[in-house]
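[1] Sharing a sequence plus its predicted fold:
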Amino acid sequence: MIALYVVLALLLAFVALLVIRALRFVPEKQSATSAPDIQVDENRLAEHLSKMLQVPTVSYTEAGRADAQAFERFRELLKTLYPKLHQQAPPERVGENGLLFHIRGKSAEKPSVLMAHYDVVPVDEAAWSVPPFSGLIKDGDIWGRGAVDTKCSLLCVLEAAENALHAGFVPQNDVYLSFGGDEETLGQDAFAIVDELNRRGIQPAFVLDEGGAVVTNVFPGVKENAALIGIAEKGSVFIDLVAKGKSGHASAPPARQAVGELSKALNTLLKKPLPFTLTKPAEELFDTLGRHSTFVYKLIFANLWCFAPVLDLICKKSGGELNALVRTTAALTRLSASPAYNVLPGQATAGLNLRLIPGDSMEKAGEQLKRTLGGHPVEVNIVKGSQPSAVSPTTGDAWERLKTSINAAYPEAIVSPYLMVAASDSRHFCRIADNVYRFSGFAFSREHLNMIHSRDERIPVAVLTQGYRFYQNLFLGC
């Protein structure tokens, strides 16, 4: 009986510990940020973005397929829209379509780099409600391919620079504007720009590219707006799974077929996701937003040392970005086998896209995949890919400057680090900079985020206007 009492006492003490930790798991106090009075010409912003969207700067993986004249027209348009910037900091062409502006400040010691890309993905015009390159302004929205991804951020960076220079503003430190023309195809413009800056001995103190945004209802139990800053991004690797079989006439199929063996392997992969891992970006996200969550979720996030398996289950069940935060994911994207219905293929191939969390690598992920599929007669072949980026700090001058600019434009938002699950041009800057962040300064709804690379892409003028305020705050702090 005494032993039972001891066990019960220990159990109660354990539960009490969990509850106490949850009760103490409260948001950190935020210092108030004064927002400067930034004048915004909404009509100018909308009209300029509309003109940008009318130029079809579509990039393609296949060399020579892009319309070079469209890219040239876009660059000429920028000269017309932003004459002061082009006069004071004429851009250099770097790579095939890369643009690099150098705005000289009072010091060259701690330069900043503000990034965007001006290429867009191809369009299925028949699926759109309006012509995708019309730049139509209707019902308070600006429509067109690239409105959200990401000519909106390109516009706001350029507008901020142009207006500041017109007012005679001189930044404290040098500012570089880095715009790629092949981001959507994982191209080389940003890589070439980094090479050029490295050749000049430039080591940026701050780099900002597209990435997170101000979003709502993205975290369990949190209803407030959250401004998510990508402090790292996942790597991406293409892998082929290949199953071999006996080729021949389909009238007498063998017991084991290439397509069947491949299907079994893919089913195993779906049932056995790659391991749950808490990286620094995920841990800081859970620590920051978890403090604003409901009590049940606070019990989990305040005691991850105990409830990591529960979190793993939640992430598996929810899928999507929450699951992608805590593991290397495998998306099944391509299938190929026989060219005809009545021909047995000698080989069946599935193409996978693995997105690698920080700390993982193409080689490690490939070996893990082989272990997971060890009981299946399939080959695991790495085609190509990129490693995960370095993880940027969430302390120091660069982080605080970004956080202050967000607080000024979006005082109600919870600023939190996160892991960007997609790829951006900013990964190249990790070679020459420690403080590389990924944040699009706009408050996007789930509806608008779902328009990226999809039909009827558009951005509300009100969202564009508030995003401009963020970029102007940021530029004035350089």
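    Thanks, I have it. Note that the structure is predicted; figures quoted are calculated from it, not measured. Residues are numbered from 1 along each chain as shown.
[2] Just say helix, strand or coil for the residue nearest to residue 129 when sequence neighbours are not counted.
    In space, residue 129 comes closest to residue 456 once its chain neighbours are excluded; the distance is 5.3 Å by Cβ to Cβ, 6 or more residues apart in numbering. In short, each C-beta sits where N, CA and C put it, glycine included. With DSSP: H, G, I helix; E, B strand; the rest coil as the basis, residue 456 sits in coil.
[3] Neighbours of residue 456, how many?
    When counting by other Cβ atoms under 10 Å, one arrives at 16 neighbours for residue 456.
[4] Now do the same contact list for it.
    By Cβ atoms under 8 Å, 6 or more residues apart in numbering, the residues touching residue 456 are 128-130, 143.
[5] Pipe those into CSV and attach pLDDT and distance to residue 183 per row.
    Listed next are these as CSV, based on pLDDT from 0 to 100; distance: Cβ to Cβ, whole Å:
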residue, pLDDT, distance to residue 183
128, 97, 22
129, 96, 26
130, 96, 25
143, 98, 21
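[6] Identify the residue spatially nearest to residue 398, adjacent ones excluded.
    Ranked by Cβ to Cβ, 6+ apart and with sequence neighbours excluded, the top spatial neighbour of residue 398 is residue 435, at 3.6 Å.
[7] for that neighbour, phi and psi?
    With angles defined as degrees, to the nearest 10, residue 435 sits at phi -100, psi 80.
[8] rewinding a little: quick check: the residue nearest to residue 129 vs residue 397, distance?
    Relative to residue 397, residue 456 is positioned 41 Å away (Cβ to Cβ, to the nearest Å).
[9] same deal with residue 323?
    Taking Cβ to Cβ, one finds residue 323 at 34 Å from residue 397.
[10] More neighbours: which of these two?
    Comparing residue 323 with residue 397 by neighbour count (other Cβ under 10 Å), the higher total belongs to residue 323, at 18 against 11.
[11] helix or strand for residue 108, which one?
    Taking DSSP states H and E as the definition, residue 108 sits inside strand 107-117.
[12] If you could redo that for residue 317, that was the one I meant.
    Element membership of residue 317, judged by DSSP H and E, is helix 304-318.
[13] can you check residue 416 too?
    Using DSSP H and E, residue 416 falls within strand 414-420.
[14] Then residue 254?
    Assigned by DSSP H and E, residue 254 belongs to no helix or strand.
[15] what's the spacing between residue 353 and residue 144?
    The spacing between residue 353 and residue 144, counted by Cβ to Cβ, is 28 Å.
[16] wait, I meant residue 397
    37 Å.
[17] same check, this time on residue 339
    39 Å.
[18] and if you look at residue 422?
    From residue 422 to residue 144 the distance is 21 Å (Cβ to Cβ).
[19] Give the residue from those two that has the larger number of neighbours.
    residue 144 (30 against 16).
[20] isn't that one right up against residue 457?
    Yes. When contacts are counted by Cβ atoms under 8 Å, residue 144 is listed as touching residue 457 (6.7 Å).
[21] Can you check which residues contact both of these two?
    Common contacts of residue 144 and residue 457 (Cβ under 8 Å, 6+ apart): residue 132.
[22] for residue 68, phi and psi?
    Main-chain torsions, residue 68, degrees, to the nearest 10: phi -60, psi -30.
[23] Please read the previous query as pertaining to residue 347.
    The phi and psi values for residue 347, taken as degrees, to the nearest 10, are phi -150, psi 140.
[24] Repeat that for the one 5 residues further on.
    In this entry, residue 352 is assigned phi and psi values of phi -120, psi 150 (degrees, to the nearest 10).
[25] Apart from its neighbours in sequence, what residue is nearest it?
    Nearest residue to residue 352 in three dimensions, chain neighbours excluded: residue 239, at 4.5 Å (Cβ to Cβ, 6+ apart).
[26] Please list all residues in contact with the one you found.
    Contact analysis of residue 239 by Cβ under 8 Å, 6+ apart lists 351-354, 366, 369, 380-383.
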